[in-house]
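Novice: coords below, sequence missing:
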């Protein structure tokens, strides 16, 4: 029996107590520290999960924005617009554009194009006026 062997072994070395010779009482402090550690571990796991969920949402939003920007850049660079057919001829209408300067729209006023409201020639340099 192991207990008897330990007793014998310890009797050979006086002053050494045999291991587990008496039943040990539970160490309350170790148990409390263990529970505190478990509680802290669970808190950290919950914090990690919530942080991960937040990052996953942000990543999903950024991916959507990235896809949208890629489509917009493609259209800007000349790719067909999403949902449009390449085979259809594109009908360009003047209503689709904003005319910023319509000086060429009136063919009858050829000399008026270079005069301001006061009648001064806008093509004439200001240095020419001083000499």
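Specialist: Right, received. Where do you want to start? Everything numeric in this text was worked out from a predicted model, so none of it was measured.

Novice: mean confidence for the strand or helix carrying residue 67?
Specialist: Assigned by DSSP states H and E, residue 67 falls within helix 28-76. Average pLDDT, helix 28-76: 89.

Novice: give me the helices and strands touching that helix, please.
Specialist: If contacts are counted by 3 or more CB pairs under 8 Å, 6 or more residues apart in numbering; DSSP states H and E, helix 28-76 sits against no helix or strand. All C-beta spots, glycine's among them, are computed from the backbone N, C-alpha and C.

Novice: begin at 198 from now on, thanks
Specialist: Taking 198 as the first residue, the last one we looked at is helix 225-273.

Novice: and residue 277, which of the three is it?
Specialist: Taking DSSP: H, G, I helix; E, B strand; the rest coil as the rule, one finds residue 277 in the coil state.

Novice: what separates it from residue 236, distance-wise?
Specialist: Separation of residue 277 from residue 236 (CB to CB, to the nearest Å): 59 Å.
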